[in-house]
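K.L.:
sequence and predicted structure below; questions after.
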Number of protein chains: 2
Amino acid sequence: MRWAVVMAGGNGTRFWPLSNPSHPKQFLTLLGAASPAKSCLDRLARVVDHSRILIVSSTCHRQALAQALPDFPEDQVLWEPAGRNTAPCIAWACETILARDPEALIGVFPSDHAISDVEAFAKSLERAFEAAPGRIVLFGIEPTRPETGYGYIEEGALLSENLHTVASFLEKPDLETAQSYLAAGRYLWNSGMFIFDARTMHGELTRHVPQIMDIIRGIVDHPETLDTEFKKLLSISIDYAVMEHTDCAVVMRASFPWDDLGTWDSVSRYFPNDKDENASHGDVTMLDCRKTFAYAGDARPIAVLGLENVIVVSTPDATLVMDASRAQDVRKIVEARQTSRDEKCPD
Amino acid sequence: MRWAVVMAGGNGTRFWPLSNPSHPKQFLTLLGAASPAKSCLDRLARVVDHSRILIVSSTCHRQALAQALPDFPEDQVLWEPAGRNTAPCIAWACETILARDPEALIGVFPSDHAISDVEAFAKSLERAFEAAPGRIVLFGIEPTRPETGYGYIEEGALLSENLHTVASFLEKPDLETAQSYLAAGRYLWNSGMFIFDARTMHGELTRHVPQIMDIIRGIVDHPETLDTEFKKLLSISIDYAVMEHTDCAVVMRASFPWDDLGTWDSVSRYFPNDKDENASHGDVTMLDCRKTFAYAGDARPIAVLGLENVIVVSTPDATLVMDASRAQDVRKIVEARQTSRDEKCPD
């Protein structure tokens, strides 16, 4: 049967100060009425039965998740007692689902992405499930701009319509390289969404990161050991642990508009621009600014004077001001503040 | 006898959002424990008797003044029902004092300047009062840097030690000109502080702006007409109205450290710098910044990432972010906001 796993354990550090471990990005209504996690569940429910959608989240998001998704069944949530990146997360979900359904096909989805065309997403997901038996299918997004903020997947041999082998995984490129990828046509954005045969993924995890699978098996057999055992897991992404080594990966072209909403810079694209390419939310006054984004997270106004390419975020908790090119580094601010203060979720 | 007049009617628009018409700069404890107005009164009390110090302020500062100067006698305050710049303010104080003391010598002082060496100030003030009979004595400050934010006074012929005729008044110069002034040695910062013979000033006001003196005389004779008559006054500075035309002005060199605290940029000089010339107040985290100043006006932290020459001010009322070179233009932000909102003191 078809299953879906929603990864909702991120701390949203790159969206500080609006998001924080108690209110991470996936549960905030940053754009529009629904949180990214709620939108994600609604999209999946078109293709996967409600009862077979699991969420993997962090124990420190219990309250935020309950507020954002009040109707979601508690027994369909796997609560991670610590953050250990995506490989342990997927391994745990995989082992849990296989114990109930040895024939399971599983889609794994980050909870915090923006996908506006839900029809196109549902169609792509149908096709991916159809292609999944014996495989790990990656959603590659057809690029629409020379984006330097994403990883890329290079398509290899054509297997069937829209389905290719993976020639290579490519890290975030510089602008020139990204432009060459866009022109070449065979490079797709790595969306971080996978649809796979549970047995296939389980076999690959067991082959490439056996130490993780040993611990996960112990946790599933003896749930009372979760708190102590989970913390022993290696923190590693599924890309490094499995995808870059496996022969089972294939890439499917998905043509729906997609954004990982990874940074304040990417979010600013969703707000209307004025003639100087400024954008804002809330009570904002700008004079002599260009390419500047100001987000007033409460009623207090923001004024910006004589700046270019700057992002300003003001919330009841804090104020953040940065060069827009540094949006990826907001986590460094959070880390710097954590060295002297306890704003971190226990880990 | 010696009198002092403290001008405390400014709205502090260049210190928005920390200052505003209800809490103007002169009554804030921006630097250290005492407000600029309180420090000004304490300095003057070394030379002038308490009972002969008047404050001219604005009716919309009643509450702020009462909080900042709870012991100051209400009957020594002249409440302006509208802002009309310094000439009407000085004319009113002059007429009021002359009615009680025809021999008065009066010093006029902006309430919002920083003068750290109170001993040196008191000595200079003594000498200025001694030189005042029949004259208008301007305090010219010996420049210590090629400051482009101040007006300058060019010294003319030497009259006695430290006392010269005024050769010319000079507007804020560009950097090259300011450097040449500093090198030449005969150019002094125009402090906006005057010590004069009340009859001399009264005569000059009557000669150069008779329409102002007519109205002021009416107000002093018929105080009940203040609200309606004051608003009829021309809004003009004492420099334009009198100083640039009179033959009675002389300039006295004053060597005490002085700052008009005119903008956020000037205030930032009073905070200790780190190795990258950044300065801050409150809970501030900076990464990869240079020449940047962040002022957290309440407990909420500020984080700044990857910026140079930027000023950030956060208060419970608003957040301001600007290029440091634009500090003079904060009033434009206030004006822009006033076009759509009522944040202005009634005028």
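P.N.:
Noted; the coordinates are in hand.
K.L.:
residue nearest the centroid of chain A?
P.N.:
What sits nearest the mean C-alpha location of chain A, by Cα atoms, centre = their mean, is A:P110, with 3.5 Å.
K.L.:
for that residue, grab phi and psi.
P.N.:
Backbone torsions of A:P110, given as degrees, to the nearest 10, read phi -60, psi 150.
K.L.:
correct me, but it touches A:M7?
P.N.:
Yes - A:P110 is within contact range of A:M7, at 5.3 Å (criterion: Cβ atoms under 8 Å). Where C-beta positions appear, they are placed from N, C-alpha and C, glycine not excepted.
K.L.:
okay, the residue nearest to the centre of chain A and chain B: tell me how far apart.
P.N.:
25 Å (Cβ to the nearest Cβ, to the nearest Å).
K.L.:
what's the one helix or strand A:I97 maps to in contact with?
P.N.:
For A:I97, the element it lies in under DSSP states H and E is helix A:86-100. The contact list for helix A:86-100 (Cβ atoms under 8 Å, 6 or more residues apart in numbering or on different chains) reads A:3, A:5, A:7, A:9, A:54, A:56, A:78, A:80, A:104, A:106, A:108, A:192, A:194, A:198-199, A:201-202, A:205, A:209, A:212-213, A:215-217, A:219-220, A:230, A:233-242.
K.L.:
among those, which are in helices?
P.N.:
Mapping the contacts of helix A:86-100 onto helices (DSSP state H) picks out A:198-199, A:201-202, A:205, A:212-213, A:215-217, A:219-220, A:230, A:238.
K.L.:
in those residues, find the pair that's most separated.
P.N.:
Maximum pairwise distance among the ones in helices among the contacts of helix A:86-100 (Cβ to Cβ): 23.4 Å, between A:R199 and A:F230.
K.L.:
the two: who's more crowded?
P.N.:
The neighbour comparison of A:R199 against A:F230 (other Cβ atoms under 10 Å in any protein chain shown) goes to A:F230, with 20 against 16.
K.L.:
chain neighbours aside, what residue packs nearest to the more buried one?
P.N.:
A:P81 (5.0 Å; Cβ to Cβ, 6 or more residues apart in numbering or on different chains).
K.L.:
ok, that neighbour - contacts?
P.N.:
A:T59, A:L226, A:D227, A:F230, A:K231.
K.L.:
three-state assignment of the nearest residue to the last one once chain neighbours are set aside?
P.N.:
Using Cβ to Cβ, 6+ apart and skipping the chain neighbours, the partner closest in space to A:K231 is A:A82 (5.0 Å). The three-state label for A:A82, taken from DSSP: H, G, I helix; E, B strand; the rest coil, comes out as coil.
K.L.:
A:A82 and A:K232 touch, don't they?
P.N.:
No - using Cβ under 8 Å, A:A82 is not in contact with A:K232; the gap is 9.6 Å.
K.L.:
may I see the buried residues of stretch A:156-172?
P.N.:
A:N162, A:L163, A:H164, A:V166, A:F169, A:L170 (16 or more other Cβ atoms under 10 Å in any protein chain shown).
K.L.:
state the pLDDT value of the fifth one.
P.N.:
So the one you mean is A:F169. On pLDDT, A:F169 comes in at 94.
K.L.:
quick one, what contacts it?
P.N.:
A:G151, A:Y152, A:I153, A:E154, A:N190, A:D239, A:M243, A:E244 are the contacts of A:F169 under Cβ under 8 Å, 6+ apart.
K.L.:
hmm, try it at 6 Å
P.N.:
A:E244 (Cβ atoms under 6 Å, 6 or more residues apart in numbering or on different chains).
K.L.:
ok, the last one next?
P.N.:
By Cβ under 6 Å, 6+ apart, A:L170 lies in contact with A:Y152.
K.L.:
equivalent analysis for the second one, please.
P.N.:
Listed by Cβ under 6 Å, 6+ apart, the contact set of A:L163 reads A:A131, A:V250, A:M252.
K.L.:
let's see that with 10 Å instead.
P.N.:
A:R127, A:A128, A:E130, A:A131, A:R135, A:V137, A:E155, A:A157, A:V250, A:V251, A:M252, A:R253 (Cβ atoms under 10 Å, 6 or more residues apart in numbering or on different chains).
K.L.:
is there a quick ChimeraX command that grabs whichever of those residues are buried?
P.N.:
The following ChimeraX line selects those of those that are buried, judged by 16+ other Cβ under 10 Å:
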select /A:127,128,131,135,137,155,250,251,252,253
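K.L.:
narrow the contacts of A:L163 to those in helices?
P.N.:
If you go by DSSP H, the contacts of A:L163 have A:R127, A:A128, A:E130, A:A131 in helices.
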